[in-house]
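Asks: predicted coordinates and the sequence they were generated for:
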Amino acid sequence: MTFAFTHENLTKIAEILKKYPDDRKASAVLPLLDLAQRQNDGWLKPSAIAEVANLLGMAEMRVYEVASFYTMFNLKPVGKYHVQVCGTIPCALRGAEEIMEVCKDHLNISLGQTTADGTFTLSEVECLGACVNAPMLQINDDFFEDLTPESTKKLLEDLKSGKVPKCGSQAGRQCSKAASC
Ligand code: FES
């Protein structure tokens with residue numbers, strides 16, 4: 001399967017590349033991989049990595065090294081909702097294990113799996129920088145923080161029923177909420 005950026009994304013790439021000297025184009029590898037992933041239903045197939053390498057004049061392996069380092073990049077297909085539970089110490093001390101168990105039970109999948117209907121993928125990630133509102137998880141671009149087993153279950157139920165859950169602190173805290181919510 002080949003991959004080609006859309007015309008719209010090629011325009012965005014031209015703007016991104018203006019930020020870097022010609023001999024430093026490789027510095028744009030992260031935003032280009034992000035664009036490729038968003039265009040390809042949330043994951044990077046090998047031909048997308050090859051196309052980014054081609055546009056930036058990099059060896060494919062160098063681009064693959066970047067894509068495989070960050071958990072924000074997916075090297076295999078993910079569900080419509082990619083549930084990423086933070087398992088690092090501040091979240092672990094505040095109950096991340098229990099949050100993960102609720103996700104496994106409620107979605108009926110194990111870590112790294114996708115539900116049969118392709119709706120949810122479950123992953124564990126390292127600290128996402130929202131420790132102040134631990135425990136937390138990320139779903140696609142949104143953070144859900146101050147979780148309890150009950151609020152986690154409700155969050156998943158809302159998504160299953162087509163509702164758009166409110167991101168940020170699920171305990172209603174305002175002063176420490178994520179900027180995007
Ligand atoms: S440890 Fe979970 S967000 Fe930092």
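Replies: Thanks, I have it. Computed from a prediction, not measured in an experiment: that's the story for all the values here.

Asks: contacts only, for the closest residue to Gly79 other than its chain neighbours.
Replies: Nearest in space to Gly79, with sequence neighbours left out and distances taken as CB to CB, 6 or more residues apart in numbering, is Thr121 at 4.1 Å. (Each C-beta comes from the backbone N, C-alpha and C, glycine too.) Counting by CB atoms under 8 Å, 6 or more residues apart in numbering, Thr121 touches 78-79, 81-83, 113-115.

Asks: doesn't Leu33 lie inside a helix?
Replies: Yes: counting by DSSP: H, G, I helix; E, B strand; the rest coil, Leu33 is located in a helix.

Asks: I'd guessed it sits against Leu44; true?
Replies: Yes: counting by CB atoms under 8 Å, Leu44 is a contact partner of Leu33 at 6.4 Å.

Asks: for the spatially most central residue of the chain, what are its contacts?
Replies: Nearest to the mean C-alpha position of the chain, by CA atoms, centre = their mean, lies Met72 at 4.5 Å. Neighbouring residues of Met72 by CB under 8 Å, 6+ apart: Asp34.

Asks: read off the pLDDT value for it.
Replies: On the pLDDT scale, Met72 is placed at 94.

Asks: how much space between it and Leu33?
Replies: As for Met72, its distance to Leu33 is 9 Å (criterion: CB to CB, to the nearest Å).

Asks: helices along the protein, start to end?
Replies: 7-17, 29-39, 46-56, 60-69, 89-93, 96-107, 149-160 (DSSP state H).

Asks: domain parsing of the protein, as residue ranges.
Replies: 7-69, 81-168 (automatic domain parsing).

Asks: mind checking these for the one nearest to the ligand?
Replies: domain 81-168 (3.3 Å; CB to the nearest ligand atom).

Asks: avg pLDDT for that closest one?
Replies: Per-residue scores along domain 81-168 average to 97.

Asks: how long is that domain from one end to the other?
Replies: The straight-line separation of the ends of domain 81-168 (CA to CA, to the nearest Å) is 16 Å.

Asks: how about the contacts of Thr121, which pair is most distant?
Replies: Tyr81 and Gln113 (13.2 Å; CB to CB).

Asks: out of these two, which sits in the busier spot?
Replies: Neighbour comparison, Tyr81 and Gln113: the larger count goes to Tyr81, with 21 against 15 (by other CB atoms under 10 Å).
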